[in-house]
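Engineer: Show me the folded form of this:
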Amino acid sequence: MSFSYVLKEGVAGFKRARLSAFSSITAMMLAIVLLGVLVRVSTNAYDLAQALKQDVEIEIFLADISEARKGEMERMLGERDIVEQLSYISQEEAMEQFREEFGAESDLLGDVAFLPASFRVRTSAEAQASQIISLVDEMKAYRGVEEVRFNQRGLEILEERLQLFVIGGVLLGGFIGLTAVVLVFNTIRLTIYAKRDLIKAMKLVGATNGFIKRPFMVEGMLQGLIAGVVGSAVVWIIFQYLLPGYLPQLGVMSWPFGRWYYLTGMMILAGLMLGFFGSRWAAHKFIRQTTIASH
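Structural biologist: From the prediction side, this is the model:
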């Protein structure tokens, strides 16, 4: 079978069911636009959550311990994979920071160094809440540690919200994709129904199911390609012109992986895949039924 024949028959399917093809392309385009918006918003929300996690700081206040004990603790913390940044604050440095924050009122304390030395730990963005909490619990039991300050509940809430957002996004994206596949399925089904007599005649002269299926699959993929191209253009206009005009804060949203063409390519590929699976499903089911009915 020549490629030109498959392409010609696939394009001809648009003429046989124009309204259905237009409805399918429009619905797929809307689905792809929603997926594109969802992906961009989700990636920015994920990046924000990771940035907030990097702001998580653990303060470990030390008792009056020896330099050897302090060095041992510093090496132990520095070897942890989840520790992104580690700094030591001496009593003198702690008092200097206190004076900078409270200004003239701190002079009432004179030169009394009442603040303890401490380690300040910033964890990596990849660190899980359970890992950070485990480190905090370990440090609380460490000899020479007087107190550990850490916003555990805030981190747990952040991670819970992020997980819910990811799960919700995946479920919503799956539902949108499935809806688009069903729409392509219905369009190709109508096209197959319009050609049912021709399909029966082709089967009688020995045409295989694969020979008959390919033009319908090309039709579905062409619908998906058009929907993907138009949908990516709509998403570009939404984020480049519409949203910044009403909400200037959204103008700083980044594209996935830092470039617009990654999302555009993903949306066009998504359109092709949706069209492929929807048309393949319809062609496999209804051509088989037409074949059975012809016997």
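Engineer: CA atoms for contacts and neighbours, from now on please.
Structural biologist: Noted.
Engineer: all helices of this protein, in order?
Structural biologist: For the chain, the helices defined by DSSP state H cover 3-16, 18-54, 67-78, 91-102, 129-140, 152-194, 196-204, 209-237, 243-246, 260-294.
Engineer: Now do the contacts for Glu159.
Structural biologist: Residues touching Glu159, when contacts are defined by C-alpha atoms under 8 Å, 6 or more residues apart in numbering, comprise Ala129.
Engineer: And it, how far from Val83?
Structural biologist: According to C-alpha to C-alpha, to the nearest Å, Glu159 stands 18 Å off from Val83.
Engineer: Low-confidence ranges, the stretch 151-295 of the chain, go.
Structural biologist: Using pLDDT under 70 as the threshold, the predicted model of the stretch 151-295 of the chain has low-confidence ranges 152, 247-252, 288-295.
Engineer: Could you check how many residues crowd around Phe61?
Structural biologist: 20 (other C-alpha atoms under 10 Å).
Engineer: try the one 3 residues further on
Structural biologist: Using other C-alpha under 10 Å, Asp64 has 12 other residues around it.
Engineer: Nearest residue to it in space, please, no chain neighbours.
Structural biologist: With C-alpha to C-alpha, 6 or more residues apart in numbering as the criterion, Asp64 has its nearest non-adjacent residue at 7.3 Å, and that residue is Gly144.
Engineer: quick one: contacts for the one you found?
Structural biologist: Counting by C-alpha under 8 Å, 6+ apart, Gly144 makes contact with Leu62, Ala63, Asp64, Ile65, Arg69.
Engineer: and the closest residue to Ile268 other than its chain neighbours, what is it in contact with?
Structural biologist: The spatially closest residue to Ile268, leaving aside those adjacent along the chain, is Gly228, at 4.1 Å (C-alpha to C-alpha, 6+ apart). Shown here is Gly228, whose contacts under the criterion C-alpha under 8 Å, 6+ apart are Met28, Met29, Ile32, Met267, Ile268, Leu269, Ala270, Gly271, Leu272.
Engineer: How about Leu115?
Structural biologist: When the contact criterion is C-alpha under 8 Å, 6+ apart, the partners of Leu115 are Gln91, Ala94, Met95.
Engineer: Counting neighbours, which of these comes out on top?
Structural biologist: Comparing these on neighbour count, Met95 comes out first with 20 neighbours (neighbours: other C-alpha under 10 Å).
Engineer: Looking at the contacts of Gly144, which is nearest Ser42?
Structural biologist: Checking the contacts of Gly144 against Ser42 by C-alpha to C-alpha gives Leu62 as the nearest, at 40.6 Å.
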